[in-house]
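*Asks:* what would the 3D arrangement of this be:
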Amino acid sequence: MSESLADLMPQIRAWAEELGFSDLGVTEPNTGVHAERLKEWLAAGMHGEMAYMADHGVKRHEPEALVPGTLRVISVRMDYLAAPDAPTKTLANPEKAYISRYTLGRDYHKLLRKRLATLAKRIDEAVAGYDYRAFVDSAPVLERALAQRAGLGWIGKNTMLLNRKAGSFFFLGEIFTSAPLPLDEPYSGSHCGSCSACLDLCPTNAFVGPNKLDARRCISYLTIELKGSIPKELRPLMGNRVFGCDDCQLVCPWNKFSKASKEDDFQPRHQLDNSDLAALFLWTEEEFLKRTEGSAIRRTGYEGWLRNLAVGLGNAPTTIPVTEALKQRARDPSPLVQEHVHWALRRHGIEPE
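*Replies:* Reported below is the predicted structural model:
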């Protein structure tokens, strides 16, 4: 390793902090035991319809196969929770729509990728002659495994990366580089202890054991990744969660250390942190596209959005706003939406016309 690269690390960490990253670590392009765990998970079919998790051969768990010549992976994290005490208030009101906290603001992909590209450029200007590629969910990268091996935290029983000073409400990003930067110590051990809150309090019992999530039962999967009908037996368990789910994070004791994000782009937009299910259900497709512009919510599509809201309304108290909203879409042109609306109406004792 060149002396200049070793001497540069304090400056790299300072640049990362200046760019809004909460932490930075460096590891080898090796995911260790996590590669075998991924293979076992895929073999068990727990990824459901997420075929992309099985695509790309070994590239997901072998960074060198993804970017030949990679010698190091720089892993960073950035806090995103706007108001640490707000999520539970929305969950407790069954007429409100609960939207996962990571997606209330602008889509994080562009912001993180731009900051990572800036960081890579600064390193390259300081020590030229090496290659850099930045990733933020834009390629098959086993990011939590790499973050753990870069010393940023441990992977908890809920499969999230946990940090003793910041909980788990943060985004991860990586820079693959050919520069032989000095390595950080992998995070060893776990601080979950005997706690099993995340496993015991999952609304749909999606955990089959510690560190083992069956995505096919996970509300995040059901409301975002699943494109068809949500299994009827799981619908009542979803409550008012209409895009993603944070329960396994909200019940984690380590998240009492979550930091409020300083990024304006992560602040809630269009009151999506405090909106009624019935009001959102009446959005036209044009309104949906306008109010979710630049948001990760777009991923579910308008049809999926209405499907999810119909389930939330089916679980809501029987009130006039709730039943009237459902009646207005009882003949929705989408068979998928119509099916879920009819289910919701019957939950309120109303037979669809």
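*Asks:* show me the contacts for residue 302.
*Replies:* When contacts are counted by C-beta atoms under 8 Å, 6 or more residues apart in numbering, residue 302 touches 285, 288-289. C-beta: built from backbone N, CA, C; applies to glycine.
*Asks:* apologies, that question was intended for residue 162.
*Replies:* Residue 162 touches 153-156, 168, 191-192, 252, 254, counting by C-beta under 8 Å, 6+ apart.
*Asks:* could the contacts of residue 302 go into CSV alongside distance to residue 136 and secondary structure?
*Replies:* As requested, these are exported to CSV (distance: C-beta to C-beta, whole Å; DSSP: H, G, I helix; E, B strand; the rest coil):
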residue, distance to residue 136, secondary structure
285, 28, helix
288, 25, helix
289, 23, helix
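*Asks:* any quick PyMOL command for the buried ones out of these?
*Replies:* Per 16 or more other C-beta atoms under 10 Å, the buried members of those correspond to this PyMOL selection:
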select buried, resi 288
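*Asks:* can you mark which positions in stretch 229-243 are buried?
*Replies:* Across stretch 229-243, burial judged by 16+ other C-beta under 10 Å covers 230, 234-235, 237-243.
*Asks:* between the residues you listed, which is closest to residue 115?
*Replies:* residue 243 (24.8 Å; C-beta to C-beta).
*Asks:* partners of the closest one in the sheet?
*Replies:* Here residue 243 sits in beta bridges with residue 99, going by DSSP bridges.
*Asks:* in contact with it, which residues?
*Replies:* Residue 243 touches 99-100, 103, 223-224, 297, 300, 305, 308, counting by C-beta under 8 Å, 6+ apart.
*Asks:* please, a PyMOL command that selects the buried ones among the residues you listed?
*Replies:* Here is the PyMOL selection string for the buried members of the contacts of residue 243, based on 16+ other C-beta under 10 Å:
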select buried, resi 99+100+103+223+224+297+300+305+308
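*Asks:* so of the contacts of residue 243, which ones are in strands?
*Replies:* Of the positions in those, residue 99 sit in strands, assigned by DSSP state E.
*Asks:* with secondary structure added, can I get the buried residues of stretch 229-243 in TSV?
*Replies:* Converted to TSV, these look like this (DSSP: H, G, I helix; E, B strand; the rest coil):
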residue	secondary structure
230	coil
234	coil
235	helix
237	helix
238	helix
239	coil
240	coil
241	strand
242	strand
243	strand
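*Asks:* can you add distance to residue 27 and pLDDT and give the residues you listed back as TSV?
*Replies:* Below are those laid out as TSV (distance: C-beta to C-beta, whole Å; pLDDT from 0 to 100):
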residue	distance to residue 27	pLDDT
230	38	98
234	37	98
235	41	98
237	38	98
238	37	98
239	38	98
240	39	98
241	34	98
242	37	98
243	32	98
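*Asks:* any idea which of those is closest to residue 317?
*Replies:* residue 240 (10.6 Å).
*Asks:* quick one: the closest one and residue 94 touch, right?
*Replies:* Yes: look at residue 240 against residue 94 with C-beta atoms under 8 Å: they come within range, at 5.3 Å.
*Asks:* which neighbours do the two share?
*Replies:* 315-316.
*Asks:* show me where the stretch 251-353 of the chain has its helices.
*Replies:* Per DSSP state H, counting those that start in this stretch, the stretch 251-353 of the chain carries helices over the ranges 277-281, 285-291, 301-315, 320-328, 335-347.
*Asks:* got JSON lines for those helices, with mean pLDDT and distance to residue 261 too?
*Replies:* Formatted as JSON lines, the helices of the stretch 251-353 of the chain follow (pLDDT from 0 to 100; distance: least, C-beta to C-beta, whole Å):
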{"stretch": "helix 277-281", "mean pLDDT": "98", "distance to residue 261": "24"}
{"stretch": "helix 285-291", "mean pLDDT": "96", "distance to residue 261": "21"}
{"stretch": "helix 301-315", "mean pLDDT": "98", "distance to residue 261": "25"}
{"stretch": "helix 320-328", "mean pLDDT": "97", "distance to residue 261": "32"}
{"stretch": "helix 335-347", "mean pLDDT": "98", "distance to residue 261": "33"}
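*Asks:* and of those, who's closest to residue 45?
*Replies:* Going by C-beta to C-beta, the one of those nearest residue 45 is helix 301-315, 22.1 Å.
*Asks:* now the angle between helix 320-328 and the closest one, please.
*Replies:* Here the directions of helix 301-315 and helix 320-328 differ by 130 degrees (axes from the mean of the first three to the mean of the last three C-alpha atoms, to 10 degrees).
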